[in-house]
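Engineer: Have a look; sequence and predicted model below, questions after that.
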Amino acid sequence: MESYCQYHPLEPSEWYCKNCQVHFCEHCVAMPPGSYNAQCPVCHQNLGHSGSTAKVPPFWQCLSDFFAYPISRDPIVLIAICTLLPAIFNQGFLALIILIVLVCAQTKYMYLVIEQSARGDLKPPTLKEAFMGGGLMLVIQQTLIFIIFGGLVFAANMWLGSGIAMLLLILILIGLPASIMLLATEHEITQALDPSRILGVVGAIGWPYFVMCGYLILLMLGLGAVQEFVVTRFNPSLAYTITGFTSSYFMLVIFCMMGYVLYQYQPRLGGAIHSSQHEVHKPDLAQKNEKQSLIEIDIALKDGRYDLAIESLTNLFSRKPYDKVTLDRLFKLLMLTGRWDVLDKKSLPVLKLLVETGRIREIRQMLRGLYSKREKFEVRDPEAAYHIAQSLYHAGDYRLLLRVLQGYGQRFKDAPHQAEVIMLSARALANGLHNGPKAKQYLMYLAKNFSQDDLAAQVPELLEHLKKDGRLPDPKVSFG
Ligand SMILES: [Zn+2]
Ligand SMILES: [Zn+2]
């Protein structure tokens with residue numbers, strides 16, 4: 001029976017947590033950095049694989065498919081070109097160029113075979129793709145790998161003795177298929193040479209990796225036997241053509257099998273192999289942690305464990321104080337769940353975000369809630385308080401404006417906008433709350449205590465207006 005992800009009901013299950021008895025899909029599980037084990041996003045125990053991937057037949061049952069793989073138009077044409085062209089052009093500079101181009105194309109094609117079959121696609125790549133470039137880089141990288149491995153064995157033989165050199169050679173030969181797989185999927189020589197990555201692949205596949213090595217040895221022996229048979233029975237030029245064909249054929253079978261092994265053990269490999277086609281940049285530790293946090297928040301929300309989601313979002317926001325998306329999610333969740341205590345603590349960044357994005361309706365909702373539920377709540381930043389008050393004036397919420405600006409002079413002694421704040425309060429009183437006398441008091445206070453300020457000079461004129469119309473004119477718009 002097929003099982004599905006508990007949190008993404010349309011996704012087939014990839015992982016199962018024995019502890020929580022819950023199925024997870026690939027979207028729910030982020031590999032912790034440097035680890036090949038997937039962890040449960042709920043209880044953080046190691047996860048096991050779900051049954052669904054068992055439907056992929058093991059590679060040892062697919063040998064006939066691998067042998068049939070090269071017998072198709074594109075690979076046969078490629079093999080024919082690579083075997084026959086060098087036979088025709090075998091002298092001079094042109095021949096060298098042709099040879100280089102063909103070696104590059106063939107190498108590129110082989111690595112494409114691994115990449116495609118690693119995705120479960122057993123249709124050979126097209127001929128065009130082989131000549132689309134990138135082959136030279138692969139040839140250089142692969143050659144470098146051989147030189148480095150060869151150099152290591154040589155150095156071991158020089159300084160550590162032939163026994164250790166032999167051991168090292170065997171280890172390298174065992175690791176070579178994993179190194180080729182890494183180069184094919186990651187396109188980076190550093191990954192293909194990294195012993196920990198190679199061990200990671202071998203370890204993740206487990207004993208079937210050695211079964212695969214056994215098959216690879218048998219195939220190489222088979223190829224050798226065919227070559228010997230051909231060379232001893234046919235005339236040189238025919239033998240050359242046939243050996244060219246057979247070696248290309250066997251290499252295609254081998255690369256297809258290696259790709260299929262990656263496909264079959266994909267869930268086990270998980271983080272051990274990542275196709276670089278999907279991830280151009282390697283995510284660093286913080287990003288991976290963040291992905292894990294986001295998954296956990298998502299799951300906590302779906303489970304209705306809001307406190308956990310709030311905690312994770314708060315942590316995530318403390319790590320990335322400029323991440324407005326996280327802050328916005330946190331704000332909405334806090335409003336929905338009525339967690340005014342947390343909202344109080346985070347009120348300043350939240351208010352700044354809301355002012356910046358002009359979300360006056362949400363500012364009013366949040367401030368009303370905080371003033372009524374949190375006795376000691378204040379907007380604790382003079383700049384923010386002033387900007388919020390301005391927005392509230394335009395929104396016509398004069399009472400809330402006066403509440404925000406209450407005690408501004410005492411609370412923020414050295415803040416700028418002192419005079420502006422008094423003027424704004426006077427306007428709110430006169431024009432919004434029709435409290436002329438109180439507005440007059442404010443204006444008189446402004447004239448007396450901020451006589452140096454430009455606004456103080458306007459006071460006599462404003463008092464005239466107030467007396468005549470019972471309101472204050474809106475400030476003149478000045479440019480510059
Ligand atoms: Zn899921
Ligand atoms: Zn669990």
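Structural biologist: Great, that's in hand. Ligands and ions are numbered 1, 2, ... in the order given.
Engineer: Centre of the chain to the strand or helix carrying L462, how far?
Structural biologist: Using DSSP states H and E, L462 sits in helix 454-469. Remark: helix 454-469 is offset 60 Å from the chain centroid, using Cα atoms, centre = their mean, to the nearest Å.
Engineer: repeat for stretch 431-451
Structural biologist: On Cα atoms, centre = their mean, the centre of stretch 431-451 falls 56 Å from the chain's centre.
Engineer: Could I have the CA atoms of it written out in CSV?
Structural biologist: Once non-C-alpha atoms are left out, stretch 431-451 reads as follows in CSV (Å, rounded to 0.1, in the frame of the first residue of the first chain):
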residue,chain,number,x,y,z
ASN,A,431,-9.4,69.2,14.1
GLY,A,432,-10.2,65.7,15.2
LEU,A,433,-11.6,65.9,18.7
HIS,A,434,-12.9,69.5,18.4
ASN,A,435,-11.2,70.4,21.7
GLY,A,436,-10.1,74.0,21.0
PRO,A,437,-9.1,75.0,24.5
LYS,A,438,-6.8,72.0,24.9
ALA,A,439,-5.3,72.7,21.5
LYS,A,440,-4.7,76.2,22.5
GLN,A,441,-2.8,75.0,25.7
TYR,A,442,-0.6,72.9,23.5
LEU,A,443,0.2,75.8,21.2
MET,A,444,1.0,78.1,24.0
TYR,A,445,3.3,75.5,25.5
LEU,A,446,5.0,75.1,22.2
ALA,A,447,5.6,78.9,21.9
LYS,A,448,6.9,79.1,25.4
ASN,A,449,9.2,76.1,25.6
PHE,A,450,10.4,75.9,21.9
SER,A,451,10.7,79.6,21.1
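Engineer: For that stretch, list every residue counted as buried.
Structural biologist: Neighbour counts over stretch 431-451 (16 or more other Cβ atoms under 10 Å) mark 431-432, 435-436, 438-440, 442-443, 446-447, 450 as buried. For every residue, glycine as well, the C-beta is placed using N, CA and C.
Engineer: Distance of C213 relative to T326?
Structural biologist: 47 Å (Cβ to Cβ, to the nearest Å).
Engineer: ok, these two, which is more surrounded?
Structural biologist: Set C213 next to T326 and count neighbours by other Cβ atoms under 10 Å: T326 wins out with 23 against 17.
Engineer: helices or strands up against the helix or strand bottoming out on mean pLDDT in the chain?
Structural biologist: Least confident element among the helices and strands of the chain, by mean pLDDT, DSSP states H and E: helix 266-269 (a mean of 72). Judged by 3 or more Cβ pairs under 8 Å, 6 or more residues apart in numbering; DSSP states H and E, helix 266-269 is in contact with helix 195-205.
Engineer: Following the chain onward from the helix it packs on, which element is next?
Structural biologist: Next element after helix 195-205 (DSSP H and E): helix 207-233.
Engineer: avg pLDDT for that next one?
Structural biologist: What helix 207-233 shows for mean pLDDT is 91.
Engineer: For that helix, buried residues please.
Structural biologist: 209, 212-213, 215-216, 219, 223, 226-227, 230.
Engineer: check contacts around C20.
Structural biologist: Contacts for C20 (Cβ atoms under 8 Å, 6 or more residues apart in numbering) come out as 40, 42-43.
Engineer: okay, how far is it across stretch 333-342, tip to tip?
Structural biologist: Length of stretch 333-342, first residue to last, Cα to Cα, to the nearest Å: 11 Å.
Engineer: tell me the mean pLDDT over it?
Structural biologist: On average, stretch 333-342 scores 93.
Engineer: ok, residues contacting that stretch?
Structural biologist: 301, 306, 309-310, 313-314, 343, 346, 362, 365-366, 369-370, 373-374.
Engineer: And for stretch 439-458?
Structural biologist: With Cβ under 8 Å, 6+ apart as the criterion, stretch 439-458 contacts 418-420, 422-423, 425-427, 429-430, 459-460, 462-463, 466, 472.
Engineer: just stretch 59-69 next, same as before
Structural biologist: 75, 113, 122, 124, 208, 211-212, 215, 252-253, 256-257, 260-261, 264.
Engineer: about what we covered before: is it possible to get TSV of the buried residues of helix 207-233 that adds distance to G407?
Structural biologist: Formatted as TSV, the buried residues of helix 207-233 follow (distance: Cβ to Cβ, whole Å):
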residue	distance to G407
Y209	72
M212	76
C213	78
Y215	81
L216	80
L219	84
L223	88
V226	93
Q227	93
V230	97
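Engineer: Return the member of the residues you listed nearest to V404.
Structural biologist: Y209 (66.7 Å; Cβ to Cβ).
Engineer: contacting residues for that closest one?
Structural biologist: So, once contact is read as Cβ under 8 Å, 6+ apart, Y209 ends up touching 177-178, 201-202, 261.
Engineer: next one: D474
Structural biologist: Going by Cβ under 8 Å, 6+ apart, the list of residues near D474 reads R427.
Engineer: Now do the same for it: helix, strand or coil?
Structural biologist: Secondary structure assignment for D474 (DSSP: H, G, I helix; E, B strand; the rest coil): coil.
Engineer: Against ligand 2, how distant is it?
Structural biologist: Going from D474 to ligand 2 by Cβ to the ion, to the nearest Å gives 61 Å.
Engineer: Let me know how buried the residue in the stretch 301-450 of the chain that ligand 1 sits nearest to is, in neighbour terms.
Structural biologist: Residue of the stretch 301-450 of the chain nearest ligand 1, by Cβ to the ion: K302 (9.5 Å). K302 is flanked by 12 other residues according to other Cβ under 10 Å.
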